[in-house]
Structures are given as C-alpha cells and as structure tokens.
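Participant: Predicted coordinates and the sequence they were generated for:
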Amino acid sequence: MRRNNLSTLDEISHYRRSHPAANLIIDTNVLLLFFIGVFDSNYLAECPLMTDNGRNYCEEHFKLMEKILGLFIDKVIITPHVLSEINMLSRTRIKPKTRMNDFFLKLIQRLERCKEEQIGLKIILKNGGVLEFGFTDISLIEVATKNSWVIITDDFDLYRTYKEKIPVIYFNNIVANDLCKVSL
C-alpha cells in the first residue's frame, strides 16, 4: 500500500492542507522546467534541457508545475547538489550565451525565494542507494526522510524505489492525470 497517493493536483492539494508544515523538495529537471518556463515559456519547446531524453516539456507542463509550486508557497526547498546540477546544465545547454546570461539573471531572482537544505556528505555516502541514484538524488531522499517532506521528480526509478518510504510526487503522473485540466 502506498504511503501517500500524490498522483493528481487534487491529491497534492489535500496533502498540503493536511500537512501544512511540509516543504517541497524539488529535483533538478522539474525545477529547470519551472525556471525556464518563467524565463520564456516559448523557449521550452526548443531548449535541449527540456526536449532531450524524451521529456518534450512545453508550456502546458510549465503551467502544471507552476500550479504545484503554488500549493507550496514559501515552502520550496533545494539542496546544494540540485543547485550545482542547475548551474552545470544551464551553462552547457542553454544557447546562445547571451540567452544563458539572461536566463541566469532571472534564475538568481527566483532562487532567492527558495530555501536551501544541506545534508552531510557522510550521510549521503552511507546511503545504500548512492551507487544507483547518485549524490543529488540521495541528498533529496535524505533531506525528505529527515524532515518528513515531499519530493517532486520526473525520475521514475527514484519515484518507484522510494514512494513506499516517503511522499514522492512523480511529475509524469500529474501530467497524465491533470494536463488536460490546465488551461492556457
């Protein structure tokens, strides 16, 4: 039996009302979806970060992510590992350089609204999943476990492995269940 069923916007909204202290920890790809959408939602369809690996994120996905984040106002958490991935991916995949610079200016403004949570290196290294999932994903898992917070990700393997242990929102489930309800 699933610990928390968070497969629709309604279920997330209900969870949020019943857990008002819960924060939302955001994985890199869905956070990039939001930041790039805020920067220029039309760029989502052509940005390699949003179209590679079969993602094909577009403005509708951004609007859905915006609705989810709206349920967690002032409760959005990132880890230094996610911040590092955002930096590396943005600098290498957003072209041309002038566009990347403009993106970074908007990114800095938005990051100021996020909270950062760190988890010690020794804790990450002791987690048996570090070989399979890497440092960034395990930092999310450890922060969520330590604080009883929710993770949002588009990483199916991460979702499948941890959904019974901690509240995990698999973004693609929300897309499948709610995308048609999001108006442009």
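Facilitator: Yes, it's here.
Participant: switch to C-alpha atoms for all contacts and neighbour counts from now on
Facilitator: OK.
Participant: can you give me the helices for this protein?
Facilitator: Here the chain has its helices, by DSSP state H, at 9-18, 28-40, 48-51, 59-70, 80-93, 97-111, 121-126, 130-147, 156-162, 171-178.
Participant: The second one packs against which elements?
Facilitator: The contact analysis (3 or more CA pairs under 8 Å, 6 or more residues apart in numbering; DSSP states H and E) places helix 28-40 against helix 59-70, helix 80-93, helix 97-111, strand 150-153.
Participant: closest one to residue 32 among these?
Facilitator: Evaluated with CA to CA, the helices and strands packed on helix 28-40 place helix 80-93 nearest to residue 32, the distance being 6.9 Å.
Participant: what packs against the closest one?
Facilitator: Applying 3+ CA pairs under 8 Å, 6+ apart, one finds that helix 80-93 contacts helix 28-40, helix 48-51, helix 130-147.
Participant: Give the buried residues for the helix or strand bottoming out on mean pLDDT in the chain.
Facilitator: Sorted by mean pLDDT, DSSP states H and E, the helices and strands of the chain end with helix 48-51, the least confident at a mean of 86. Of all the residues in helix 48-51, those buried under the rule 16 or more other CA atoms under 10 Å are 48, 49, 50.
Participant: Quick one: the residues you listed as CSV, columns for distance to residue 114 too.
Facilitator: Putting the buried residues of helix 48-51 into CSV (distance: CA to CA, whole Å) gives the following:
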residue, distance to residue 114
48, 25
49, 21
50, 22
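Participant: Tell me the confidence at residue 96?
Facilitator: Note for residue 96: predicted pLDDT of 82.
Participant: OK, contacts around it?
Facilitator: Residue 96 makes no contacts at all, as judged by CA atoms under 8 Å, 6 or more residues apart in numbering.
Participant: can you tell me how far it sits from residue 145?
Facilitator: To residue 145, residue 96 is 39 Å away according to CA to CA, to the nearest Å.
Participant: follow-up on the earlier one: looking at the helices and strands packed on helix 28-40, which one is packed in the most?
Facilitator: Highest mean neighbour count among these (mean count of other CA atoms under 10 Å): strand 150-153, with a mean of 25.
Participant: strands paired with it, and their directions?
Facilitator: strand 24-26 (parallel), strand 168-170 (parallel) (DSSP bridges).
Participant: circling back: contacts for the least confident helix or strand of the chain next, please.
Facilitator: By CA under 8 Å, 6+ apart, the residues outside helix 48-51 that reach it are 32, 33, 44, 45, 56, 57, 58, 89, 90, 93, 94.
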